[in-house]
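[1] With the sequence up front, the predicted model follows.
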Amino acid sequence: MHSKEALGTGRRKSAVAQVKLISGTGRITINERPGVPYLQYNPAYLWAVQGPLDTLGLEHSYDTMVKTKGGGLTGQAEAIQLGVARALCKLDTYHRQPLKIEGYLTRNPLRKERKKYGLKKARKAPQFSKR
């Protein structure tokens, strides 16, 4: 069997994920560890990582190897999701349309809002004193 592979990079908040898809059996490896324990058996994170593959029905066709850093687990999981979707688009241009319809190719631009002077956090004001 001819080995197919593709690379994709995903970002979310301050997390960055470099994803490599290799034709295989559907294993997920994140930072050289099995994916399920790395994502703490959280079904939401697992669904996010496998979402693009499930959409195309390729969950058992490719092994996913990921190097990720920065952010927390939520940011990393969503960064991996974007990286997987981009890698699938590189494998075959016909994958782009269904992934785009599901929203897997859109980068989520939300970030932490900066703290403003005079406030305790980004929007939390100190307690008001009438006297």
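    Right, received. Where do you want to start?
[2] which regions of this protein lie under the pLDDT threshold?
    Along the chain, segments meeting pLDDT under 70 span 1-3.
[3] all strands of it, in order?
    Secondary structure of the chain (DSSP state E): strands located at 5-12, 15-23, 28-30, 33-34, 62-69.
[4] Neighbouring strands of the last one in the sheet, and parallel or not?
    For strand 62-69, sheet partners with direction are given as strand 15-23 (antiparallel), strand 28-30 (parallel), following DSSP bridges.
[5] closest to R96 out of these?
    Go through the strands paired with strand 62-69 one by one with C-beta to C-beta and the one that ends up closest to R96 is strand 15-23, at 14.8 Å. Where C-beta positions appear, they are placed from N, C-alpha and C, glycine not excepted.
[6] Compare the strands paired with strand 62-69 and report which one is nearest to R131.
    Comparing the strands paired with strand 62-69 under C-beta to C-beta, the one sitting nearest is strand 15-23, at 46.9 Å.
[7] ok, back up a step: same list as before, the strands paired with strand 62-69 that is, but in JSON lines and with distance to I80 and mean neighbour count included.
    As requested, those are exported to JSON lines (distance: least, C-beta to C-beta, whole Å; neighbours: other C-beta atoms under 10 Å):
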{"stretch": "strand 15-23", "distance to I80": "4", "mean neighbour count": "20"}
{"stretch": "strand 28-30", "distance to I80": "7", "mean neighbour count": "20"}
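[8] For H60, find the nearest of those.
    The stretch from the strands paired with strand 62-69 with the least distance to H60 (C-beta to C-beta) is strand 15-23; that distance is 10.8 Å.
[9] ok so, going back, in a markdown table: the strands of the chain, plus distance to W47.
    As requested, the strands of the chain are arranged in a markdown table below (distance: least, C-beta to C-beta, whole Å):
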| stretch | distance to W47 |
| --- | --- |
| strand 5-12 | 15 |
| strand 15-23 | 16 |
| strand 28-30 | 12 |
| strand 33-34 | 17 |
| strand 62-69 | 14 |
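[10] where along the chain do the helices fall?
    With DSSP state H as the definition, the chain shows helices at residue ranges 35-38, 43-56, 73-91, 96-102.
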